[in-house]
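**Q** task: produce atomic coordinates for the following.
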Amino acid sequence: MFMRVQRNVSKSGTYEYLQVVESYRDNGRVKQRVIARLGRLDRLRESGELERLASGLAELSGTAALVKAVRTDGVQARAARSWGPALVFGRLWENQGLPELIRELAAERRFQFDLERACFALSLQRLCNPGSDLSGAGWLGTVEAPGCEGLELQHLYRTVGFLHDVREELELGLFRRDRDLFNRTLDVLFIDTTSIAVHCDQPSGMRRRGYSRDHRPDLPQLVLCVAVDGDGWPVAWETLPGNTADTVAMRAMLARLRERFRIGRAVVVADRGMISKDMLKLLEQPDAPFDYVLGCRMRNNPTVRDQVLKCRGPREKVADNLEVEEVLVDGQRYVACFNPQEAERDRIHREAILARLRELTSKGGKSGVSALVPHRGYQRFGRIRKDSFVVDEKAVEEDPLYDGRFVLRTNTSLPAAEVARTYRSLWRVERTFREIKSTMEVRPLYHHTDEQCIGHIMACFLALRLEVDLQRRLDALGKRTPWPDLMQDLGELRAVILDLDGQRYRLRTDLCGRAHDAFAAAGVRPPPLLEHLCPAPSHDTSKM
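**A** I've put the predicted structure just below:
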């Protein structure tokens, strides 16, 4: 039902009439009929009847009354809180079964606050406003999240301790639920490591000084190792002392997967930076439940350089940008891969480097060349000797051997093409590892005990699961949205708390930008534009 202005043209002039019209369906067709004719529009305005009619209707409509109250300063806005992230990630949190699992683990603990909501608050903070628990306690006052209103700093500290205590049970419970709920199989594993700087006075326990990816060698750190499956879904994580080498961290991660998750055989996929003799020894143990596909170093590995790459057998074409060839060396299986498109790019890049080097060396001396040599692309073609730069012609001659090539080492029985596809699916999980670096690298940590650090990382792991879940859902819809832009648009959806005539209402702002995609991906229907909450408190003492 709606108002319509009907214009009539006659000999005496043109007149507009106000009508109340109703739409209805007749045999599947939409038709309209006039419910009431209210009179000529100009006469209604002159007599004041139009304003009285509008005012009478407004008294019957809460929304119209609200608009009228805003215009006459009769409404009070109490707060405007960010609402979008809590709605979207709250639905994903529920879909993953986290509320039930956390409440089950906390059943015998006597907390005087909603522990499950505190866990969600810690994870939501990591996604929206990364920082310390102290900053998180203040940030919660700016968020519209059911059940989080009364959470204080002490509750967050106690929740971090709880997450440390139940870390293993929670991780194992999630692993089992994932396999049942999402029908996930753990047949391919991708493993990566990173470091987390910790602000504390002295190294202790797991907080040790080591190679710092934060470029803070003055601070102790933890080493974090994360395993994801072939779809990029986080499976498990492990923390180790800050001076642990990557290969040692991977070894510990594999041992953890083997002991705690009791998985069957799985293919471990890792790039060349993770390979060592100890790692290969671990993976090749007769009773190890892991096969492997490992990227090989080419220039510094004599077997690969002198035998695998120089073997010229028939290649199998897998795709336009991938050809594979299987090579056996002393019983060890290698798969040599070739990308013709990448080979052409490598050739053009090499010729540009050599042209620049020869231009500079023709002028004599080492001026200008010395600035280029530290770069790896230039360094492999020569060295500075005394007062001049010498191009290594042998290196130039051998360099085309590596154009567009990469070599894999495997003990699987998979066909060579499948081995290459498995390794190249690293691109699928590269984004997950980028998400890990932004979501789980809680740089820097301000907790003062190992237990608190581990509990905080557990909250970040839960946040990572939410982030990956939403990203995968967006991919399924064909929506490729930069994550910072998505989070910004979600944060712009706000809940405005209003008081009017002794009643409290919640007004939703419009969805903007990419927030529509996030709501659709998570399966969340936007809340109503205006919702009555409760009678307005006579003396409002809530945090705004």
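
**Q** let's verify residue 337: helix, strand, or coil?
**A** Under DSSP: H, G, I helix; E, B strand; the rest coil, residue 337 falls in the strand class.

**Q** list the contacts of it.
**A** Residue 337 makes contacts with 322, 323, 324, 325, 405, 406, 407, 408, 420, 423, as judged by C-beta atoms under 8 Å, 6 or more residues apart in numbering. In short, each C-beta sits where N, CA and C put it, glycine included.

**Q** and which of these is nearest residue 105?
**A** Nearest to residue 105 out of the contacts of residue 337 is residue 423 (C-beta to C-beta; 37.7 Å).

**Q** residue contacts, that closest one?
**A** With contacts defined as C-beta under 8 Å, 6+ apart, residue 423 is in contact with 269, 293, 295, 337, 408.

**Q** now the two most distant members of these.
**A** Pairwise distances among the contacts of residue 423 were taken by C-beta to C-beta; the largest, 13.9 Å, belongs to 269 and 337.

**Q** quick check, residue 452 in contact with residue 160.
**A** Yes: counting by C-beta atoms under 8 Å, residue 160 is a contact partner of residue 452 at 5.5 Å.

**Q** those two: which has the busier surroundings?
**A** Using other C-beta atoms under 10 Å, the more surrounded residue of residue 452 and residue 160 is residue 160, with 25 against 18.

**Q** look at that one and report its pLDDT.
**A** Residue 160 is assigned a predicted lDDT (pLDDT) of 91.

**Q** ok, it touching residue 459?
**A** Yes: in this structure residue 160 lies within contact range of residue 459 using C-beta under 8 Å: 7.0 Å.

**Q** and the longest strand for the protein?
**A** The residue-count maximum for a strand in the chain (DSSP state E) belongs to strand 13-26.

**Q** helices or strands next to that strand in the packing?
**A** Strand 13-26 sits against strand 2-10, strand 29-40, helix 41-47, with contacts defined as 3 or more C-beta pairs under 8 Å, 6 or more residues apart in numbering; DSSP states H and E.

**Q** center of the protein - which residue?
**A** Nearest to the mean C-alpha position of the chain, by C-alpha atoms, centre = their mean, lies residue 467 at 3.8 Å.

**Q** pull up the gap between it and residue 500, please.
**A** 38 Å (C-beta to C-beta, to the nearest Å).

**Q** same check on residue 29?
**A** From residue 29 to residue 500 the distance is 41 Å (C-beta to C-beta).

**Q** those two: which is more packed in?
**A** Set residue 29 next to residue 500 and count neighbours by other C-beta under 10 Å: residue 500 wins out with 18 against 7.

**Q** so what's that one closest to, chain neighbours aside?
**A** In space, and not counting its chain neighbours, residue 500 is closest to residue 75: 4.8 Å by C-beta to C-beta, 6 or more residues apart in numbering.

**Q** tell me how many other residues surround the one you found.
**A** When neighbours are counted by other C-beta under 10 Å, residue 75 comes out with 18.

**Q** same question, the one 4 residues further on
**A** With neighbours defined by other C-beta under 10 Å, the count for residue 79 comes to 17.

**Q** wait, isn't it in contact with residue 497?
**A** Yes: using C-beta under 8 Å, residue 79 makes contact with residue 497 at a distance of 4.5 Å.

**Q** and the next helix or strand past the longest helix anywhere in the chain?
**A** Ranked by residue count and defined by DSSP state H, the top helix of the chain is helix 450-476. Using DSSP states H and E, the helix or strand that follows helix 450-476 in sequence is helix 483-491.

**Q** so where is the stretch 51-200 of the chain shaky, pLDDT-wise?
**A** 58-74, 180-187, 199-200 (pLDDT under 70).

**Q** mind listing the strands for it?
**A** 76-82, 188-197 (DSSP state E, counting those that start in this stretch).

**Q** repeat that for the stretch 251-400 of the chain.
**A** Secondary structure of the stretch 251-400 of the chain by DSSP E, counting those that start in this stretch: the strands cover 266-270, 290-295, 316-319, 322-329, 332-338, 382-385, 388-391.

**Q** just to be sure, residue 527 is in a helix?
**A** No: counting by three-state DSSP, residue 527 is not found in a helix; it is coil.

**Q** and it, what pLDDT?
**A** You'll see residue 527 listed with a pLDDT of 91.

**Q** where's the closest residue to it other than its chain neighbours relative to residue 144, distance?
**A** Closest residue to residue 527 apart from its sequence neighbours, by C-beta to C-beta, 6+ apart: residue 508 at 5.3 Å. Here residue 508 is placed at a distance of 10 Å from residue 144 (C-beta to C-beta).

**Q** of those two, which one has the most company?
**A** residue 144 (23 against 19).

**Q** isn't the more buried one up against residue 78?
**A** No: Residue 144 is beyond contact range of residue 78, at 12.0 Å (criterion: C-beta under 8 Å).

**Q** pLDDT-wise, which helix or strand of this protein ranks last?
**A** Least confident element among the helices and strands of the chain, by mean pLDDT, DSSP states H and E: helix 369-372 (a mean of 54).

**Q** what's around residue 520, how many residues?
**A** 14.

**Q** pull the contacting residues for it.
**A** The neighbourhood of residue 520, defined by C-beta under 8 Å, 6+ apart, consists of residue 477.

**Q** what touches both of residue 508 and residue 144?
**A** Both residue 508 and residue 144 are in contact with 83, 494, 495, where contact means C-beta under 8 Å, 6+ apart.

**Q** could you export those to TSV, including columns for distance to residue 314 and neighbour count?
**A** What follows is the shared contacts of residue 508 and residue 144, written out as TSV (distance: C-beta to C-beta, whole Å; neighbours: other C-beta atoms under 10 Å):
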residue	distance to residue 314	neighbour count
83	61	23
494	63	18
495	65	21
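
**Q** from those, which is closest to residue 414?
**A** residue 83 (47.9 Å).

**Q** surely that closest one touches residue 508?
**A** Yes: in this structure, residue 83 is within contact of residue 508 by C-beta under 8 Å, at 7.1 Å.

**Q** common neighbours of these two, please.
**A** Joint contacts of residue 83 and residue 508 (C-beta under 8 Å, 6+ apart) are 493, 494, 495, 527.

**Q** tell me the spacing between the second one and residue 419.
**A** Here the distance between residue 494 and residue 419 works out to 51 Å (C-beta to C-beta).

**Q** please state the offset of stretch 147-166 from the chain centre?
**A** With C-alpha atoms, centre = their mean, to the nearest Å as the basis, stretch 147-166 stands 23 Å off its chain's centre.

**Q** tell me the contacts of residue 250?
**A** Listed by C-beta under 8 Å, 6+ apart, the contact partners of residue 250 are 191, 193, 225, 270, 274, 279.

**Q** that one: which element?
**A** Residue 250 belongs to helix 246-260, assigned by DSSP H and E.

**Q** got the angle for the helix or strand residue 225 falls within vs strand 188-197?
**A** Using DSSP H and E, residue 225 sits in strand 221-229. Counting by axes from the mean of the first three to the mean of the last three C-alpha atoms, to 10 degrees, strand 221-229 lies at 160 degrees to strand 188-197.

**Q** just the buried ones from the contacts of residue 423?
**A** 269, 293, 295, 337, 408 (16 or more other C-beta atoms under 10 Å).

**Q** pick out the lowest-pLDDT one from those residues.
**A** Ranking those by pLDDT, residue 269 lands last with 80.

**Q** so it versus residue 412, what's the distance?
**A** Taken as C-beta to C-beta, the span from residue 269 to residue 412 is 10 Å.

**Q** what do the two both touch?
**A** By C-beta under 8 Å, 6+ apart, the residues touching both residue 269 and residue 412 are 292, 293.

**Q** still on that earlier bit, return the member of the contacts of residue 337 nearest to residue 114.
**A** Of the contacts of residue 337, the one sitting nearest to residue 114 (C-beta to C-beta) turns out to be residue 423, at 45.2 Å.

**Q** check which helix or strand that closest one maps to.
**A** Residue 423 belongs to helix 416-424 when elements are defined using DSSP H and E.

**Q** any idea of the mean pLDDT in that helix?
**A** For helix 416-424, mean pLDDT rounds to 86.
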